Every structure is written in C-alpha cells, then in structure tokens.
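J.: What shape does this take:
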Amino acid sequence: MSNVVGFNQHKIMLRPDEVKDFVAAASKCDFDVDIAYNRYVVDAKSIVGVLGLDFRKVLTVVCHGYDSDFEALLKKFSIAC
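T.: Next up, the predicted model:
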C-alpha cells in the first residue's frame with residue numbers, strides 16, 4: 001500500500017464470486033474508488049465495470065479518501081508486493 005497525496009493505493013486479487021461484496025463495500029464510501037489493471041480503469045462502485053476486469057491479473061484499487069471498513073475489506077484481498 002502506498003500513499004500518494006490523498007490517495008490510497010492497494011494491489012489486490014479478486015475472484016468473480018467476490019465482486020458483489022467488493023462493489024457493495026466500495027459503494028458505501030463517500031469518495032471515489034477506482035479499480036484498474038494496465039491502463040483500463042473502472043469505477044469500483046460499478047458491478048458491470050468490475051465484472052469486465054480480468055480476474056487473472058493483479059488489480060490496483062485507488063481510494064480518493066479513507067474509510068476504515070473498506071480498508072479492512074481491502075486487506076482481505078491484498079497481495080504481497
């Protein structure tokens with residue numbers, strides 16, 4: 001996890017069956033949350049957008065704010081870098 005001026009960035013792996021819980025948690029945040037791999041970035045609050053990602057890849061989540069509950073969920077999906 002690295003901090004970049006107001007941003008929290010996390011490297012995670014998701015399985016398709018975890019998307020619903022991930023998107024529900026992201027949707028509770030009162031700030032923007034993006035999820036990306038390579039140059040493809042989607043809104044983490046969009047189930048359709050997140051389902052369009054390649055789950056075989058390491059995904060990068062960028063939080064434009066802080067929520068302790070969401071951070072705890074991200075730790076569940078975190079990978080060692």
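J.: Grab the nearest non-local neighbour of the residue nearest to the spatial centre of the chain.
T.: Centre of the chain computed as the mean C-alpha position; nearest residue by CA atoms, centre = their mean is residue 61, 3.6 Å away. Using CB to CB, 6 or more residues apart in numbering and skipping residues adjacent in sequence, the residue nearest residue 61 is residue 10, 4.5 Å away. In short, each C-beta sits where N, CA and C put it, glycine included.
J.: The one you found looks like it's in a strand, true?
T.: Yes - secondary structure of residue 10 (DSSP: H, G, I helix; E, B strand; the rest coil): part of a strand.
J.: hang on, isn't it packed against residue 60?
T.: Yes - counting by CB atoms under 8 Å, residue 60 is a contact partner of residue 10 at 7.2 Å.
J.: Mind pulling the model confidence for the nearest residue to residue 8 once chain neighbours are set aside?
T.: Nearest non-adjacent residue to residue 8, counting by CB to CB, 6+ apart: residue 63, 4.3 Å away. Per-residue pLDDT puts residue 63 at 96.
J.: give the contact list for residue 63.
T.: By CB atoms under 8 Å, 6 or more residues apart in numbering, the contact list for residue 63 reads 7-10, 29, 31, 33, 70-71.
J.: buried subset of the residues you listed?
T.: By neighbour count, with 16 or more other CB atoms under 10 Å, those hold 8, 10, 29, 33, 70 as buried.
J.: Out of those, which one has the weakest pLDDT?
T.: Of all of the buried ones among the contacts of residue 63, residue 8 carries the lowest confidence score, 86.
J.: in terms of contact, does it touch residue 71 like I think?
T.: Yes - look at residue 8 against residue 71 with CB under 8 Å: they come within range, at 7.4 Å.
J.: helix or strand for residue 42, which one?
T.: strand 40-43 (DSSP states H and E).
J.: which outside residues touch that strand?
T.: Here strand 40-43 has contacts from 32-36, 49-50, 52-53, using CB under 8 Å, 6+ apart.
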